[in-house]
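>>> Sequence and predicted structure, then a few things I'm wondering about:
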Amino acid sequence: MAETRFASLTEACINEKLIEKAGQIIREGGLVAFPTETVYGLGGDALQRASSRKIYAAKGRPSDNPLIVHICRWEDIGKIAKKIPPEAEMLAKAFWPGPLTMILEKTDAVPAETTGGLSTVAVRMPRNEIALALIKAAGGYVAAPSANTSGKPSPTLAEHVREDLSGRIDLILDGGAACIGLESTIVDLTEDRPMILRPGYITREMLQQVLGCPVDVDRLFTGREPEQAPKAPGMKYRHYAPEGELTIVSGSEQDVTDTICRLAEEKMRAGVRTGIICSKETRQFYHADHIEVMGARDDTEAAARQLYAALRCFDSKEIAYIYSESFPGAGVGTAVMNRLLKAAGHRILAADNIKNRRENT
Ligand code: TXA
Ligand code: MG
């Protein structure tokens, strides 16, 4: 494919001409990467089969993994979704534009290519002025997965998109760092009870508060039970994986730091490049080839913002083993731990056990 163009712009002062050009590329069947508040998206026309096929090809993504359709006005939803329950409007009023994706029954306007053959469609209205202007200029319906190569961490900077997709797409719009840093919460509204298929910035508690009813969680999104598939097809793939082997260490702060120090030292003594993911408070205890600090211990929003860039950084420094502290599970912390566990292939060590084992031998 031809050269990928790169253009910078800001939310505060949208370059109308550039957006018009980008919208035209999408209308004509091309692909444009753009910023959203969660991660960068790779946009194509959601209503054109060929565009969705191109998206899968550019990412190297399995075509049974459906795409999210991004809209910029609530009124536009009727063209792509039917049997829209009142809950959808309640959630849209509370959280759109914002980091929430809703699964609804699809209409015939949405080609099977966009939904990976499903009869449902994922819909989201992102909270980013560049994204909203682009969707409008592109005709209103932009299919956009995260703009990474399949299996890599999602991009939170335009530079990450360039690393992965240069030469495979038409244009990258650089709007700066994504302010949330993890993909949207996905909630399925096609069953009797709403169900979270992927945790994100909008938590179960926030959804329950707006809806006034219980919201289920698809426990299978962890992908640990191989015989049962999670409802969001994308959650079954090994995702967000750094090239090095990532292990999460859990337990009390003291045990975790002791264990990570010991494991990292062992590897480094063996001449293997080793990395650590930690909090600001514990940084001082560690020594490794590369250390990524996620922010203050309880600042899970900072961890969300930095996690993917950190995982990419270990790759660029050719780190073979990475040890990570675990992060508190409240609020967006649930989503942080979900992504971290996936990146680690669920390799989690209980620090207490290791210590006890050592004391008993
Ligand atoms: O924050 C986000 O949602 C970002 C930005 C760019 O908007 N997009 C994103 O897209 O994360 P992607 O393609 O990387 O992840 C979409 C997820 C996948 O796990 C997919 O299986 C699920 O949404 N999904 C899409 N359509 C679905 C459907 N009809 N039913 C169930 N899951 C669906
Ligand atoms: Mg993705």
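Happy to help now that I have it. Ligands and ions are numbered 1, 2, ... in the order given.
>>> Nearest residue to residue 159 in space, please, no chain neighbours.
Leaving aside its sequence neighbours, residue 159 sits nearest to residue 174 (Cβ to Cβ, 6 or more residues apart in numbering; 8.0 Å). C-betas here are computed from N, CA, C, even on glycine.
>>> Would you indicate which residues of the helix or strand hosting residue 25 are buried?
Per DSSP states H and E: residue 25 is located in helix 16-27. With burial defined by 16 or more other Cβ atoms under 10 Å, the residues of helix 16-27 counted as buried are 18, 19, 22, 23, 25, 26.
>>> Enumerate the beta-bridge partners assigned to the residue nearest to residue 159.
Taking DSSP bridges, one obtains residue 8 as the residues bridged to residue 174.
>>> Find me the pLDDT at it, would you?
We have a pLDDT of 98 for residue 174.
>>> what about the helix holding residue 25, average pLDDT?
98.
>>> ok so, going back, just checking, the residue nearest to residue 159 touches residue 11?
No - taking contacts as Cβ atoms under 8 Å, residue 174 lies outside contact range of residue 11: 11.7 Å.
>>> out of those two, which sits in the more crowded spot?
residue 174 (19 against 15; other Cβ atoms under 10 Å).
>>> what sits against the more buried one?
Going by Cβ atoms under 8 Å, 6 or more residues apart in numbering, residue 174 touches 6, 7, 8, 9, 35, 158, 159.
>>> gap between residue 241 and ligand 1?
From residue 241 across to ligand 1, the span is 14 Å (Cβ to the nearest ligand atom, to the nearest Å).
>>> I misspoke; the intended subject was residue 333.
17 Å.
>>> likewise residue 14?
Distance from residue 14 to ligand 1, by Cβ to the nearest ligand atom: 19 Å.
>>> which one is that residue nearest to, not counting chain neighbours?
Using Cβ to Cβ, 6+ apart and skipping the chain neighbours, the partner closest in space to residue 14 is residue 133 (5.3 Å).
>>> And the pLDDT for the one you found?
With respect to pLDDT, residue 133 scores 98.
>>> count of neighbours near it?
Neighbour tally, residue 133, other Cβ under 10 Å: 23.
>>> between the helix or strand hosting it and helix 16-27, how many degrees?
Assigned by DSSP H and E, residue 133 falls within helix 129-137. Inter-element angle recorded for helix 129-137 and helix 16-27: 50 degrees (by axes from the mean of the first three to the mean of the last three Cα atoms, to 10 degrees).
>>> re earlier: using PyMOL, define a selection of the buried residues within the contacts of residue 174.
Buried residues among the contacts of residue 174 (16+ other Cβ under 10 Å), as a PyMOL selection:
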select buried, resi 7+9+35+158+159
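>>> What residues does the protein have near ligand 1?
By the rule Cβ under 6 Å from any ligand atom, the part of the chain lying against ligand 1 is 36, 38-39, 41, 65-68, 101, 103, 115, 118, 120-122, 124, 126, 144-146, 183-184, 186, 197-198, 231-235.
>>> what do you get if the cut-off is 5 Å, keeping everything else the same?
Applying Cβ under 5 Å from any ligand atom, we find that the chain lies next to ligand 1 at 36, 38, 41, 65-66, 68, 103, 118, 120, 122, 144-146, 183-184, 232-234.
>>> Give me the spatial nearest neighbour of the residue of the stretch 51-200 of the chain found nearest ligand 1, chain neighbours excluded.
Of all residues in the stretch 51-200 of the chain, residue 145 sits closest to ligand 1, at 2.9 Å by Cβ to the nearest ligand atom. Nearest residue to residue 145 in three dimensions, chain neighbours excluded: residue 67, at 5.4 Å (Cβ to Cβ, 6+ apart).
>>> again, but for residue 114
Residue 114 sits nearest to residue 52 (Cβ to Cβ, 6+ apart), 4.6 Å away.
>>> what domains does the record give for this protein?
Domains of the chain are assigned by automatic domain parsing as 5-221, 245-359.
>>> and these, which is most packed in?
domain 5-221 (a mean of 20; mean count of other Cβ atoms under 10 Å).
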